[in-house]
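J.: dropping the sequence and predicted coords here.
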Amino acid sequence: MKPLPHINKTPENEEQWFATLVRLARYLRSPQGCPWDRKQTVQSFARFLAEEAQELDDAVKDNDHEHIIEEFGDMFFCALMTAAVAEDEGWFQLRDALEKAHEKMIRRHAHIFGEHTAETSDDAVRVWERVKAEEKKGRKKT
């Protein structure tokens, strides 16, 4: 096997594996990478991502733990490939999407990080939905 230019040493933890997979996704899109991957668009990878999510759902329904691990990895990597394409096409940077996801999860968990309270799971869902509705109302054009 050829040396893997996106990997310096075997990753030891989740953060290193995440960085390694990001480098792999970007490498596959590079001139030294894969012609098929370079040809893909955000739209094509979004379709693949939906397919991988369905395969993960099927594995969960089957309660097949090894298959769940495999399909989760496939779905996760497909999401990273979608981000790599989006970067190449100038849509956004992965860092921006990660930051937005973090901000959104903090905002939507207003019962943890905000002024709302939730004693039960149902209460937490009501807070989530209330915050989500406010966000959507703020996006509507007048």
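T.: Arrived safely, thanks for sending.

J.: from what I can see Leu28 touches Asp37, true?
T.: Yes: the criterion here is Cβ atoms under 8 Å, and Leu28 meets it with Asp37 at 4.2 Å. Every residue, glycine included, has its C-beta placed from N, CA and C.

J.: what touches both of those two?
T.: Met81 (Cβ atoms under 8 Å, 6 or more residues apart in numbering).

J.: which one's more surrounded, these two?
T.: Counting neighbours by other Cβ atoms under 10 Å for Leu28 and for Asp37 shows that Leu28 has the greater number, 20 against 16.

J.: so the more buried one: helix, strand or coil?
T.: helix (DSSP: H, G, I helix; E, B strand; the rest coil).

J.: show me the contacts for it.
T.: Cys34, Asp37, Arg38, Met81, Ala84.

J.: of those residues, buried ones?
T.: Asp37, Met81, Ala84 (16 or more other Cβ atoms under 10 Å).

J.: output these in CSV, with secondary structure and pLDDT appended to each entry.
T.: Converted to CSV, these look like this (DSSP: H, G, I helix; E, B strand; the rest coil; pLDDT from 0 to 100):
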residue, secondary structure, pLDDT
Asp37, helix, 96
Met81, helix, 96
Ala84, helix, 96
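
J.: which residue is the nearest non-sequential neighbour of Leu24?
T.: Taking Cβ to Cβ, 6 or more residues apart in numbering, and ignoring the residues beside it in sequence, Leu24 has His6 as its nearest neighbour in space, at 4.7 Å.
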